[in-house]
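>>> Predicted coordinates and the sequence they were generated for:
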Amino acid sequence: LQKTVMQDLCLQYPQIGSFVLSMVEKCFVTHAAHMIQIGTKKALDNYLLFQKSFQDYEDIIPQHLIAAYLGITPTQLSRIRKQLSEAQQSPESITQ
């Protein structure tokens with residue numbers, strides 16, 4: 001919808017305005033929590049959390065989008081995946 005149409009709807013129906021505001025706040029809080037997480041945890045930990053949260057979708061999401069979501073480069077993501085695959089063969093090799 002165009003901006004003016006949304007503004008008119010919100011003025012005409014205050015409940016819509018309240019709903020939109022609550023949805024924006026929810027998205028902002030979720031995004032802020034994600035940004036804090038990727039800024040305070042190691043890339044490996046963030047990737048493991050991503051795997052746990054989105055295990056059904058990881059195979060269909062392009063690597064560059066996963067890397068962007070994690071705040072790392074695709075090359076870093078490749079190295080993390082390689083490290084984890086090596087760790088499955090020898091569990092004591094996880095170090096990061």
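Perfect, I can see it now.

>>> how far away is the residue positioned nearest the centre of the chain from residue 9?
For the chain, the residue nearest the mean C-alpha position is residue 69 (4.7 Å; CA atoms, centre = their mean). In this view, residue 69 and residue 9 are 32 Å apart by CB to CB, to the nearest Å. C-betas here are computed from N, CA, C, even on glycine.

>>> any idea which residue of this protein is furthest from its center?
residue 12 (35.1 Å).

>>> Output the contacting helices and strands for the longest helix along the chain.
What stands out as the longest helix in the chain, according to DSSP state H, is helix 14-40. Helices and strands touching helix 14-40, as assessed by 3 or more CB pairs under 8 Å, 6 or more residues apart in numbering; DSSP states H and E, comprise helix 3-12, helix 43-53.

>>> mind redoing it with 10 Å?
On a contact count with 3 or more CB pairs under 10 Å, 6 or more residues apart in numbering; DSSP states H and E, helix 14-40 meets helix 3-12, helix 43-53, helix 63-70.

>>> Now do the contacts for the residue lying closest to residue 51 once chain neighbours are set aside.
Leaving out its chain neighbours, the residue that sits closest to residue 51 by CB to CB, 6 or more residues apart in numbering is residue 58, at 6.2 Å. Residues in contact with residue 58 (CB atoms under 10 Å, 6 or more residues apart in numbering) are 47, 50-51, 66.

>>> how would you label residue 58: helix, strand or coil?
Classification of residue 58 by DSSP: H, G, I helix; E, B strand; the rest coil places it in coil.

>>> Against residue 47, how distant is it?
Residue 58 sits 10 Å away from residue 47, going by CB to CB.

>>> Identify the contacts common to those two.
Taking CB under 10 Å, 6+ apart as the contact rule, residue 58 and residue 47 both touch residue 66.

>>> quick revisit: among the contacts of residue 58, give me the pair with the biggest separation.
The span of those, defined through CB to CB, is set by 51 and 66 at 9.6 Å.

>>> between those two, who's got more neighbours?
Using other CB atoms under 10 Å as the criterion, residue 51 and residue 66 rank with residue 66 on top: 19 against 13.

>>> Skip the chain neighbours and tell me the closest residue to the more buried one.
Counting by CB to CB, 6+ apart, residue 66 lies nearest to residue 77, which is 6.2 Å off, once chain neighbours are set aside.
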